[in-house]
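Engineer: Next comes the sequence, and after it the predicted model I'd like to discuss.
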Amino acid sequence: MRIGQGFDVHAFEEGDHVMLCGVRIAHDRGLKAHSDGDVALHALSDALLGALALGDIGHYFPDTDPQWQGADSAVLLTRVYQDVTAAGWRLGNADLTLICQAPKLAPHIVAMRERLAALLDCALDQVSVKATTTEKLGFTGRQEGIAVQAAVLLEQP
Ligand SMILES: Nc1ccn([C@@H]2O[C@H](COP(=O)(O)O)[C@@H](O)[C@H]2O)c(=O)n1
Ligand SMILES: C[C@@]1(CO)OP(=O)(O)OP(=O)(O)OC[C@H]1O
């Protein structure tokens, strides 16, 4: 077994939605990024890479490369997971904590888990998505951005 963890932050900017775990969520702000800004998929991708000591997504998909401008982070995650499976590993389980004061994420948790399960070709109970505020403290509490922590366990089939 291998364990990995990932962490990512993106700041809010003007916009009308955020992408989280591949799900489009209406909001009065967007997330500033080179890609589509899916901070949750970035943290998860980093956790998968970290589990196998393969580096990070900035190394795989540099934000200086126009190829990844506006990229769908689901495509990036899929590429990362292809490398994981090609190396002989598969997901045991993943657990994500999404940290923001807003938007309210509870109504979207099931859709996010379903999307992750589809992207990682696994069962729903292998992917957990949780949300927490920081009680209005810090940059997430001031609604300046969203942070995500991800943990994964990989197994060899
Ligand atoms: N953006 C968020 C943050 C939290 N929730 C849910 O609210 C509940 C209370 O959160 P705490 O800050 O006290 O940890 C909890 O059940 C979260 O799932 C949310 O929906 N959206
Ligand atoms: C995804 C990539 C590539 O488009 O850019 P961003 O969307 O800015 O995201 P980040 O988490 O800063 O780093 C990974 C990237 O290089």
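Structural biologist: Sure, I can see it. Ligands and ions are numbered 1, 2, ... in the order given.
Engineer: part of a strand, is Ser150?
Structural biologist: Quick fix: residue 150 reads Ala, not Ser. Yes - counting by DSSP: H, G, I helix; E, B strand; the rest coil, Ala150 is part of a strand.
Engineer: correct me, but it touches Leu91?
Structural biologist: No - using Cβ atoms under 8 Å, Ala150 is not in contact with Leu91, being 11.7 Å away. Quick note: C-beta positions are derived from backbone N, CA and C, even for glycine.
Engineer: Is ligand 2 within reach of the biggest strand by length in the chain?
Structural biologist: For the chain, the longest strand by residue count, based on DSSP state E, is strand 2-14. Yes - Strand 2-14 reaches ligand 2 (Cβ under 6 Å from any ligand atom) through Asp8.
Engineer: What of stretch 34-52?
Structural biologist: Yes - Stretch 34-52 comes into contact with ligand 2 (Cβ under 6 Å from any ligand atom), by way of His34, Ser35, Gly37, His42.
Engineer: Which residue, other than its chain neighbours, is closest to the third one?
Structural biologist: When you say that, I think you mean Gly37. In space, and not counting its chain neighbours, Gly37 is closest to Leu31: 3.4 Å by Cβ to Cβ, 6 or more residues apart in numbering.
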